[in-house]
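Asker: no sequence for this one, just the structure:
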């Protein structure tokens, strides 16, 4: 029997979240950094995470034609966070209706944008492939996730620099507080193609070369998902400096860092403060707390 899930409310007035604590319930997480396993980075798959071109190992072949690397990484991360078996969806998700999607990515589709602009400039608009045109939209990752999994709630893309990951989490919390959605899928993803890498290298405060990877968090008001991990997240806040990372990283995840680091901390089951940002874009942080034991079937 499909789990019974509370649907969104018809009004949009703010309401208490997480009882009197104002905390978001964390229902699941995942990390997908190509080549890394759970032994390398908590929250990753037990075996090494696949490359974008091998996403069919997680998602099946259908629906991947023309999808960019960042979109494929995001799909893999969401698929695993939802606890789904490898391959295409066998049936509709019972909790998809009303679920919001918020994606943080600064460079997700810049390679396609540059390619399309070059083609149009040199040979005219008629040469642009119908497969490439949708990828030129800044919201292509979030919209692809919503279409594939049937999420019908608000759909947002965040491109706010080094704090984008936690900015996306903050926006998800605002949507839930305002009654726009009972639950949200929050994703942070960046590619590491040559165009993205060159743009990232222009930052004066980049801590390391750009690394491709994605992270996913399933958050919501208590009871909105059919399971809970016993972890909760507070409000995102601005800080005056960096916060220690929960685990060593293979490179700079840039706009995805806030989501990936939070997913790593959740996988470790530890209460801690997670941060992201930089001198140019400022700093942000959020507190992860442990409030109880897991219930239901964790993703």
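Answerer: Yes, it's here. This is a predicted model, so every value here is computed, not measured.
Asker: now the residue nearest to residue 295 when sequence neighbours are not counted: how far from residue 122?
Answerer: Nearest non-adjacent residue to residue 295, counting by Cβ to Cβ, 6 or more residues apart in numbering: residue 228, 4.9 Å away. Yep, even glycine has a C-beta here, placed from its N, CA and C like the rest. As judged by Cβ to Cβ, to the nearest Å, residue 228 and residue 122 stand 54 Å apart.
Asker: Between the two, which has more neighbouring residues?
Answerer: For residue 228 versus residue 122, neighbours defined as other Cβ atoms under 10 Å are more numerous around residue 228 (23 against 8).
Asker: Just to check, that one is in contact with residue 266?
Answerer: No - contact criterion Cβ atoms under 8 Å: residue 228 and residue 266 do not qualify, at 11.8 Å.
Asker: Now list whatever residues contact both of these two.
Answerer: Here residue 228 and residue 266 have residue 26 as joint contacts, going by Cβ atoms under 8 Å, 6 or more residues apart in numbering.
Asker: now the helices: where do they sit in the stretch 51-200 of the chain?
Answerer: Ranges of helices within the stretch 51-200 of the chain are 56-59, 69-81, 110-123, 140-149, 164-177, 194-201, based on DSSP state H, counting those that start in this stretch.
Asker: Out of these, the one nearest residue 186 is which?
Answerer: Closest to residue 186 of the helices of the stretch 51-200 of the chain is helix 164-177 (Cβ to Cβ; 4.9 Å).
Asker: Rounded mean pLDDT for that closest one, please.
Answerer: Here helix 164-177 scores 97 as its mean pLDDT.
Asker: Please state the offset of it from the chain centre?
Answerer: On the basis of Cα atoms, centre = their mean, to the nearest Å, helix 164-177 is displaced by 11 Å from the centre of the chain it belongs to.
Asker: List the buried residues of that helix.
Answerer: Neighbour counts using 16 or more other Cβ atoms under 10 Å place 164-173, 175-177 of helix 164-177 among the buried residues.
Asker: Can you spell out which helices and strands pack onto that helix?
Answerer: If contacts are counted by 3 or more Cβ pairs under 8 Å, 6 or more residues apart in numbering; DSSP states H and E, helix 164-177 sits against strand 24-32, strand 100-104, strand 155-158, strand 183-190, strand 213-220, helix 257-268, strand 272-278, strand 282-290.
Asker: The helix or strand of the chain with the lowest mean pLDDT packs against which elements?
Answerer: Here the helix or strand of the chain ranked lowest by mean pLDDT, DSSP states H and E is helix 110-123, holding a mean of 79. Secondary-structure packing of helix 110-123 (3+ Cβ pairs under 8 Å, 6+ apart): helix 194-201.
Asker: what does the helix it packs on contact?
Answerer: By Cβ under 8 Å, 6+ apart, helix 194-201 touches 107, 110-111, 114, 190, 206, 209-210, 252, 254.
Asker: Can you turn the buried part of those into a ChimeraX selection?
Answerer: Per 16+ other Cβ under 10 Å, the buried members of those correspond to this ChimeraX selection:
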select :107,110,111,114,190,206,210,252,254
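Asker: Nearest to residue 59 among the contacts of helix 194-201?
Answerer: Using Cβ to Cβ, those come closest to residue 59 at residue 190, 19.2 Å.
Asker: Just confirm the closest one contacts residue 256, I think it does.
Answerer: Yes - here residue 190 reaches residue 256: they are 4.7 Å apart, a contact under Cβ under 8 Å.
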